[in-house]
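Peer 1: I would like the atomic coordinates for the input below:
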Amino acid sequence: MSDQKQRRRVLMASLVGNSIEWFDYFLYSTAAGLVFNQLFFPKSMDPLVALMASYLTLALTFVFRPLGGILFAHIGDRIGRKKTLVMTLMLMGCSTVLIGLLPTYEQIGIWAPILLIILRIIQGFGIGGEWGGALLIAVEHAEGKRRAFFGSVPQMGIPIGLLLGTFSLSVMSMVTTEEQFLSWGWRVPFILSIVLVLLGLWLRKGIDESPIFKEAQEQGKVVRIPILETLCNYWKETLISVGLKVVETAPFYIFGTFVVSYATLQGYSKSTALNAVAIASLVTAILIPYMGILGDRIGRKPLYIAGTIGIILFAFPYFWMIHGKSDLLLILATIIGLGILWTPVTAVLGTLYSEIFSTQVRYTGATLGYQIGAAVAGGTAPFIATALLGTFNSWIPIAIYLVLTSLISLLSIVSVRETKDSSLN
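Peer 2: Numbering: from 1, shown residues only. Predicted coordinates for the structure are as follows:
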């Protein structure tokens, strides 16, 4: 197979596999705000408390994402990127199908939320190792001047996964009654996800290992314990990576998952809220590779900074638009937040990560920064937003929260040098 064909296959395998992983992951996130609070917790609970408990199961698993990242990054930096991608996809796929088969609280009592949390933790382990492998297998196959584009393609898996997750639940909510949806309709996308997992496994088994990693193996540059090497010699880069992740994560979960439950509380229909996220996700998926191309031309930092400042400026108008009580304004607000302002940040984030760390610890360093940042700002975002709403009965603290998370990332990007003309080492 020619180098060009191999690169195209790597990009396809990275994109499809990552999309499937995020589909499984976001399917849970969306269902957490619509279904799990009603089925896996006692009906005697206050609805807002039940929603917070449901989002807490989402937040708790982010603690385990760095642990899964460390485990699979160790394998990736020691043995290879390709093998980890097969393992993470299998782990995610099996846990997702089992969630779709879980009995409810009425059927097995306290074991229902316990089993739900266990399966979500397994999902956290899987996605913890997935992102770094999918990113690096693409970036390390790239030609030098197209590295941001190659790094942006796996990032398309995030909005595609969100699109598939919200769209599948939206379709099921439209073709079933409320009672049918709560009984079995929500389960269908979870169970059928096994078909996508098998497709992803087939694609990933047909790609070559990263040429940069193979070269490091041949030269004996593979370190024995990557996590120790990273923490001892790359701790500054790791801290910067955590900060860079914050603005890519917290606003995403506000614009992409919290908005579904928040909009329904404001009187919007469930299908309208889901469709708003689905449309915005489609816009995001389309724009990400173009932002990657732009990142190769003008640099990674300008795009990242522009998106971050845009999110800060849009934090308050976002909620004003939602409270306009117009379906069109809700859709536009979600498109602007998720589809336009968040896109340049996520498009270049992976490339920035890959260029901060050297080959022998790249998987571990990028994964550690990414997953700790996700744990700090991602899984907690819907829970914090719901708690702020319940405490203050106002959206203003949530908007302030968006601004603060964005400011953390602005401080982090200042210390990163522009990398568009540098080479991977």
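Peer 1: What are the buried residues along the helix or strand of the chain with the lowest mean pLDDT?
Peer 2: Least confident helix or strand, the chain: helix 47-60 with a mean of 72, by mean pLDDT, DSSP states H and E. Neighbour-count burial for helix 47-60, counted by 16 or more other C-beta atoms under 10 Å, picks out 50-60. Quick note: C-beta positions are derived from backbone N, CA and C, even for glycine.
Peer 1: Then stretch 301-310?
Peer 2: Neighbour-count burial for stretch 301-310 [16+ other C-beta under 10 Å]: 301, 303-305, 307-308, 310.
Peer 1: just stretch 318-337 next, same as before
Peer 2: Neighbour count says stretch 318-337 has 318-319, 321-322, 330-337 buried, by 16+ other C-beta under 10 Å.
Peer 1: For the buried residues of stretch 301-310, which two are the farthest from each other?
Peer 2: 301 and 310 (14.7 Å; C-beta to C-beta).
Peer 1: and after whichever strand or helix holds residue 198, which helix or strand comes next?
Peer 2: Here residue 198 sits within helix 187-204, counting by DSSP states H and E. Where DSSP H and E defines the elements, the next helix or strand beyond helix 187-204 is helix 211-218.
Peer 1: tell me which strands and helices the next helix or strand after that following helix is in contact with?
Peer 2: Remark: after helix 211-218, the chain's next helix or strand is helix 226-233, criterion DSSP H and E. Secondary-structure packing of helix 226-233 (3 or more C-beta pairs under 8 Å, 6 or more residues apart in numbering; DSSP states H and E): helix 64-78, helix 362-377.
Peer 1: Just name the most buried of those helices.
Peer 2: helix 362-377 (a mean of 28; mean count of other C-beta atoms under 10 Å).
Peer 1: Tell me where the stretch 251-400 of the chain has helices.
Peer 2: For the stretch 251-400 of the chain, the helices defined by DSSP state H, counting those that start in this stretch cover 259-265, 270-298, 300-322, 327-334, 342-356, 362-377, 380-392, 396-414.
Peer 1: Give me the average confidence score over the shortest one.
Peer 2: Read it as helix 259-265. This predicted structure assigns helix 259-265 an average pLDDT of 88.
Peer 1: Give me the residues contacting it.
Peer 2: Helix 259-265 is contacted from outside by 30, 33-34, 51, 166, 270, 272-274, 276-277, 322, 330, 334, 382, 385-386, 389, 395, using C-beta atoms under 8 Å, 6 or more residues apart in numbering.
Peer 1: With just CA atoms, put it into PDB.
Peer 2: Extracted in PDB, the C-alpha atoms of helix 259-265 (Å, rounded to 0.1, in the frame of the first residue of the first chain):
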ATOM      1  CA  VAL A 259     -28.400  22.600  27.400                       C
ATOM      2  CA  VAL A 260     -30.800  19.600  26.800                       C
ATOM      3  CA  SER A 261     -32.100  19.400  30.300                       C
ATOM      4  CA  TYR A 262     -31.900  23.200  30.800                       C
ATOM      5  CA  ALA A 263     -33.900  23.900  27.700                       C
ATOM      6  CA  THR A 264     -36.600  21.400  28.700                       C
ATOM      7  CA  LEU A 265     -36.800  23.100  32.100                       C
END
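Peer 1: before we move on, the earlier item: and which of the buried residues of stretch 301-310 is nearest to residue 84?
Peer 2: For these, the nearest to residue 84 is residue 304 (26.7 Å; C-beta to C-beta).
Peer 1: Give me the distance between the closest one and residue 217.
Peer 2: 32 Å (C-beta to C-beta, to the nearest Å).
Peer 1: Report the contact partners of the residue nearest to the spatial centre of the chain.
Peer 2: The chain has residue 158 as the residue nearest its centroid, 5.3 Å off, counting by C-alpha atoms, centre = their mean. Contacts for residue 158 were tallied using C-beta under 8 Å, 6+ apart; they are 18, 22, 252, 284, 346.
Peer 1: Mind doing that once more with 10 Å?
Peer 2: 18-19, 21-22, 25-26, 131, 248, 252, 256, 281, 284-285, 288, 342, 346 (C-beta atoms under 10 Å, 6 or more residues apart in numbering).
Peer 1: Please identify which pair of the residues you listed lies farthest apart.
Peer 2: 21 and 342 (19.1 Å).
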